[in-house]
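Chemist: With the sequence up front, the predicted model follows.
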Amino acid sequence: MMRAMPPLPTLLTAMLAALEIGPGTGTPASRFAMEDVRCQPGEHGTLEWTVGKLLASDLRLAAGPLTLEFGQCELLDLKATLAFHDGRARLCTAEAAQAQFTRVSLRGPVASTDRAHPAADATAPRPEAGPTLGPLASAEGALRMDITDAHLLFDAHVDIPLRNGRVDFGDASVEHVGPDSRMGVSRTGIYVDAPGGRSYLYQFASPPLEGVEFEERGSLLGWVTRRGALRLQPFAETLLRQSRDGLKLGLSEQVLALLGRTEVSGQLQLGDGDLVVAPGVRAALVGRAMGRNALTLHKTPDQQGLRMQSGALALREAALARGDWRLACGEVDAQLTLDLVARSAHDLRFAMTIAQCEMRGLRLEDSSHAPV
């Protein structure tokens, strides 16, 4: 006997329940519209929906400390399968040939540990080892900092080149009135040696760190003979891993005060490679040969954080796993702005804004009922 078709909102309710989406904070209630809707019985008592176009606006997704909001999305050629248990509809799979998003924002801590969760079951799958920041391994670019520091008694202009994912502080320059100073990296952190003494731009929370080649000193008078270097990928991965494990970020009050008086500008061309920024969140950056994934960096002394912008971000095989649910996408092209803000020595947060985003090959499924 054929099951009666449920009302149209049942499909939307099941899709939103899968990802716990509700109205965005400070926005009107979520709104939906669909065109060319069809429904037919499927296998094992399921219902299969096809929607030519689904429009939604003012949506919000909350996942732990992260909050995702977007102003509008448009899904084309949507197909979804609903199952029923005890009279309640549950989404099994949903896929769309193409999706377009505008005014997307994602914000939260850069990394954190959730102490409220109980200890993991020993039989449960181990979490991903991540993070993985493959695009930094072959990154190229340059960073310029203009520092106003009353402690140093002068304004300093710092230029730091980045070649093949590596910063060699022997190539960095620190210019100011009088004899120029030098940059380097010791077991304490990244420093500037100036006439007034050594000042740290960043202090390590727990050295030694991966990707750090510390300064070397000669036996004669203990002078620095080599200023040291950073391999950006393993260094950044270690910092994120330490932050996720609850260790301090190394942003002391002295460092925060110095960064507050610093203007930053620069360019960074990311390479191709795998990107895992949190457990269950992964993608691959592609398109370096075509000039994709080039970032500009900017910070003025009156800004609290660093801003990074990309006019052509290209991702492939992106995936987000949450519980039994997995959201995957074959191709993502977006215009992105990322702000990093240090509220305190223990609290580093990000806010990502996407003006426009186009996805192709979008698929959402319940791994407990369907193969991933």
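Modeler: Structure's in. What do you need? Residues are numbered from 1 along each chain as shown.
Chemist: wait, doesn't residue 337 sit right on residue 308?
Modeler: Yes - judged on C-beta atoms under 8 Å, residue 337 makes contact with residue 308 at a distance of 7.3 Å. Using the backbone N, CA and C atoms, a C-beta is placed for each residue, glycine as well.
Chemist: So between these two, which is more surrounded?
Modeler: residue 308 (19 against 16; other C-beta atoms under 10 Å).
Chemist: what pairs with the more buried one across the strands?
Modeler: residue 297, residue 338 (DSSP bridges).
Chemist: Correct me if wrong: it contacts residue 350.
Modeler: No - Residue 308 is not in contact with residue 350 according to C-beta under 8 Å; the separation is 9.8 Å.
Chemist: where do the contact lists of the two overlap?
Modeler: 338-340 (C-beta atoms under 8 Å, 6 or more residues apart in numbering).
Chemist: tell me the centre residue of this structure?
Modeler: Among the residues of the chain, the one closest to the centroid is residue 277, at 5.8 Å (C-alpha atoms, centre = their mean).
Chemist: Run the chain-centre distance for the helix or strand hosting that residue.
Modeler: Using DSSP states H and E, residue 277 maps to strand 273-278. How far strand 273-278 lies from its chain's middle: 9 Å, per C-alpha atoms, centre = their mean, to the nearest Å.
Chemist: Against which helices or strands is it packed?
Modeler: Strand 273-278 is packed against strand 132-133, strand 281-285, with contacts defined by 3 or more C-beta pairs under 8 Å, 6 or more residues apart in numbering; DSSP states H and E.
Chemist: Residue 302: which element?
Modeler: Per DSSP H and E, there is no helix or strand for residue 302.
Chemist: Which pLDDT value belongs to it?
Modeler: In this model, residue 302 is scored at 71, pLDDT.
Chemist: That one: how many residues sit nearby?
Modeler: Considering only other C-beta under 10 Å, residue 302 is surrounded by 8 other residues.
Chemist: Please name the nearest non-neighbouring residue to residue 180.
Modeler: Spatial nearest neighbour of residue 180, excluding adjacent residues (C-beta to C-beta, 6 or more residues apart in numbering): residue 174 at 5.9 Å.
Chemist: buried residues in the host helix or strand of the one you found?
Modeler: In the assignment (DSSP H and E), residue 174 maps to strand 173-175. Buried residues in strand 173-175, counted by 16 or more other C-beta atoms under 10 Å: residue 174.
Chemist: Show me what it is packed up against.
Modeler: Looks like strand 173-175 contacts strand 154-162 (3+ C-beta pairs under 8 Å, 6+ apart).
Chemist: ok, back up a step: what mean pLDDT does the strand holding residue 174 get?
Modeler: Rounded mean pLDDT across strand 173-175 is 88.
Chemist: Mind checking what helix or strand follows it in sequence?
Modeler: Next along from strand 173-175, by DSSP H and E: strand 182-185.
Chemist: got the contact list for that next one?
Modeler: Contacts for strand 182-185 (C-beta under 8 Å, 6+ apart): 158, 160, 169, 172, 174, 190-193, 212-215, 224, 227-230.
Chemist: Just the buried residues of those.
Modeler: 158, 160, 169, 172, 174, 190-193, 212-215, 227-230.
Chemist: Now do the helices in the chain.
Modeler: 9-19, 232-244, 253-260 (DSSP state H).
Chemist: Point to the helix or strand of the protein where mean pLDDT is at its lowest.
Modeler: strand 21-23 (a mean of 44; mean pLDDT, DSSP states H and E).
Chemist: Okay, now the unreliable bits of the stretch 151-300 of the chain?
Modeler: 151-154, 177-178, 207-208, 221, 244-252 (pLDDT under 70).
Chemist: let's see 80
Modeler: The stretch 151-300 of the chain contains residues with pLDDT under 80 at 151-155, 176-180, 194-197, 205-208, 219-222, 242-261, 278-279.
Chemist: Buried ones in stretch 31-40, by neighbour count?
Modeler: So for stretch 31-40, counting by 16+ other C-beta under 10 Å, buried means 34, 39.
Chemist: Give me the mean pLDDT for that stretch.
Modeler: 87.
Chemist: pull the CA atoms of that stretch into PDB?
Modeler: The C-alpha trace of stretch 31-40 is given here as PDB (Å, rounded to 0.1, in the frame of the first residue of the first chain):
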ATOM      1  CA  ARG A  31      12.700  31.300   4.700                       C
ATOM      2  CA  PHE A  32      12.400  28.600   2.000                       C
ATOM      3  CA  ALA A  33      11.000  28.300  -1.500                       C
ATOM      4  CA  MET A  34      11.100  25.300  -3.900                       C
ATOM      5  CA  GLU A  35      10.300  24.800  -7.600                       C
ATOM      6  CA  ASP A  36       9.500  21.700  -9.700                       C
ATOM      7  CA  VAL A  37       9.000  19.400  -6.800                       C
ATOM      8  CA  ARG A  38       8.300  15.700  -7.300                       C
ATOM      9  CA  CYS A  39       7.900  12.800  -4.800                       C
ATOM     10  CA  GLN A  40       7.600   9.100  -5.400                       C
END
